[in-house]
Every structure is written in C-alpha cells, then in structure tokens.
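Trainee: just a sequence and a predicted model for now, questions to come.
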Amino acid sequence: MFFDFGAGEIIGLAVLAMILIGPERLPNFAVDAAKFVKKVREMATSATNELKENLGPGFEDLKPTDLNPKTFLQKQLSSVLDENEKPAKAKFVSKIDPDLL
C-alpha cells in the first residue's frame, strides 16, 4: 500500500469528511471515490500490461516496483554478484565497452 494511515488518521479523515461533505452526501461520495480508485487501478494495470508488451520478451515478470531506481539497482547488483560467485575457472568478461569510456 502507498499510504501508511493509522486508526487515528482514518478517524480524523472520517470526521473531516462528515464536516466538509455532510452526512447526507457522504454515502454517494464514498461510492464515487471507490469507483475512482477502481478506475485508477484498472488504468495502472493496463499501463503495466502495455509496457510489458512493448518491451518484448524477457520482461514478462516485470512489476511496477521493479521500475523504482533503488529496486532496479539492487536487482542488477545482485545479479552481478551472483555471476561473480561462479567457479574460479570462469574468465572475467567486461560488460562495459572500454572504447565508450
């Protein structure tokens, strides 16, 4: 989940909503908010699926959290470290072209 709300914050938001929106319109507002959240989730899912299709093979297991730079770096570094733990007979292969430096 994106937000870290506790019970106190939720109760405070409910009281604030009762004051600002009013008890008569609050049920309709809650239904509209739920529809909005559902629509946003559907849009995010379709965007993720479209991104997977456009990136092609090798990205079938792509998750939105993989696009976070911190997560991406951790994943790449762990894969490099796993490659370095192979037997000592393996020859080191540079992944960076020295001509590009």
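Mentor: Nice, thanks for sending it over. Numbering: from 1, shown residues only.

Trainee: in the protein, what spans have low per-residue confidence?
Mentor: For the chain, the stretches with pLDDT under 70 are 1-3, 82-94, 97-98, 100-101.

Trainee: quick check: longest helix of it.
Mentor: If you go by DSSP state H, the chain has its longest helix at helix 26-55.

Trainee: that helix packs against which elements?
Mentor: If contacts are counted by 3 or more Cβ pairs under 8 Å, 6 or more residues apart in numbering; DSSP states H and E, helix 26-55 sits against helix 7-21. The C-beta positions use only the backbone N, C-alpha and C, and glycine is treated the same way.

Trainee: centre of the chain to the helix it packs on, how far?
Mentor: Centre-to-centre, helix 7-21 and its host chain are 28 Å apart (Cα atoms, centre = their mean, to the nearest Å).

Trainee: CA atoms only for that helix, dumped as CSV, please.
Mentor: Provided in CSV are the C-alpha atoms of helix 7-21 (Å, rounded to 0.1, in the frame of the first residue of the first chain):
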residue,chain,number,x,y,z
ALA,A,7,-6.6,4.3,13.1
GLY,A,8,-6.3,7.9,14.4
GLU,A,9,-5.7,9.3,11.0
ILE,A,10,-8.6,7.4,9.5
ILE,A,11,-11.0,8.5,12.2
GLY,A,12,-9.8,12.1,11.8
LEU,A,13,-10.4,11.9,8.0
ALA,A,14,-13.9,10.5,8.5
VAL,A,15,-14.8,13.3,10.9
LEU,A,16,-13.4,15.9,8.5
ALA,A,17,-15.4,14.3,5.6
MET,A,18,-18.5,14.4,7.7
ILE,A,19,-18.0,18.1,8.4
LEU,A,20,-17.0,19.1,4.8
ILE,A,21,-19.3,16.9,2.8
